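**Q** I would like to see how this sequence folds:
(one chain, ligands or ions: 1)
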Amino acid sequence: MRAVVSVGGSVLAPGLDSGRVAAYADAIESLLDEGVELGVVVGGGGVARDYIRTARELGANEMALDQLGIGVTRLNARLLVAALGEQAAPTPPEAYEDAAVAFRRGDVPVMGGMIPGQTTDAVSAALAETVGADLLVFATSVDGVYSADPSENPDAKKYDEIATGELVDIIGDIEMTAGSNAPIDLLGAKIVQRSNTRTLVLDGENPESVYRAIADGDHDGTEVVP
Ligand code: UTP
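**A** Numbers count the residues shown, from 1 in each chain. A predicted model of the protein is given here:
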């Protein structure tokens, strides 16, 4: 099986805790032992948000802020590379084709951000499409896809299963509300739709849950089905 795992920065390195990064590396290594071919994309988390806030106060424009965010995602990717050692490609690939080359060689490509105007959600979906992944897993701080932003709307309903086409509509509605946090960005959702990739959105707080979702198909998140 080929899988791409998108690990939110806030679940990989909250407070830059090496124990959590090591636990993620363990889960990834266990999956490799099971014969799963893996690619990983890492987000920026609180550190990216801190840098972006500070630079915004200093007058940086949105393009510059995005570049700063990309820099932090690549730093976080390097933390996971450090923990994975020789199992991972030594640097975060900065082109999808470079990631594909690492993947074919049997090294885990650990990517960060790529270009301004998107988030690592889109990178994850694009990497999944590039390597022809059977499964894309978003390990995030939300435990699934909701009908609205659950942090703002207590009546938001969590979906157990939706179709790839429905994902775009749901995310589009949430993104229209200013300040709302969609579990996946709209570009990511559109790439999932066009590539028809089976996708899971789940709580990534515990790396074991990512292992179980991929190895055993056991999870409490939302399944996005082709
Ligand atoms: P994240 O993917 O972590 O974004 O990238 P996020 O959605 O804000 O984080 P989570 O999901 O809550 O953890 C951090 C920032 O890096 C820039 C964006 O500014 C993004 O907000 N970025 C990232 C890009 O501009 N392009 C990319 O391809 C990736």
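**Q** Check which residues of the lowest-mean-pLDDT helix or strand in the chain are buried.
**A** The helix or strand of the chain with the lowest confidence, counting by mean pLDDT, DSSP states H and E, is helix 164-175 at a mean of 90. Across helix 164-175, burial judged by 16 or more other CB atoms under 10 Å covers 164, 166, 167, 168, 170, 171, 174, 175. In this view, the C-beta of every residue, glycine as well, is placed from N, C-alpha and C.
**Q** got the CA coordinates for that helix in PDB?
**A** Extracted C-alpha coordinates of helix 164-175, given in PDB (Å, rounded to 0.1, in the frame of the first residue of the first chain):
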ATOM      1  CA  THR A 164     -14.600  13.400  -2.500                       C
ATOM      2  CA  GLY A 165     -16.900  15.700  -4.400                       C
ATOM      3  CA  GLU A 166     -18.800  16.600  -1.200                       C
ATOM      4  CA  LEU A 167     -15.600  17.600   0.500                       C
ATOM      5  CA  VAL A 168     -15.100  20.500  -1.800                       C
ATOM      6  CA  ASP A 169     -18.600  21.800  -1.100                       C
ATOM      7  CA  ILE A 170     -18.300  21.500   2.700                       C
ATOM      8  CA  ILE A 171     -14.800  23.100   2.800                       C
ATOM      9  CA  GLY A 172     -15.900  25.800   0.400                       C
ATOM     10  CA  ASP A 173     -18.800  26.800   2.700                       C
ATOM     11  CA  ILE A 174     -16.600  26.800   5.800                       C
ATOM     12  CA  GLU A 175     -13.800  28.900   4.100                       C
END
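**Q** which helices and strands sit right next to that helix?
**A** helix 186-195, strand 222-225 (3 or more CB pairs under 8 Å, 6 or more residues apart in numbering; DSSP states H and E).
**Q** Including distance to residue 30 and mean pLDDT, could these go into JSON lines?
**A** Formatted as JSON lines, the helices and strands packed on helix 164-175 follow (distance: least, CB to CB, whole Å; pLDDT from 0 to 100):
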{"stretch": "helix 186-195", "distance to residue 30": "25", "mean pLDDT": "97"}
{"stretch": "strand 222-225", "distance to residue 30": "22", "mean pLDDT": "98"}
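**Q** Taking their axis directions, the least confident helix or strand of the chain and helix 186-195 sit at what angle?
**A** 170 degrees (axes from the mean of the first three to the mean of the last three CA atoms, to 10 degrees).
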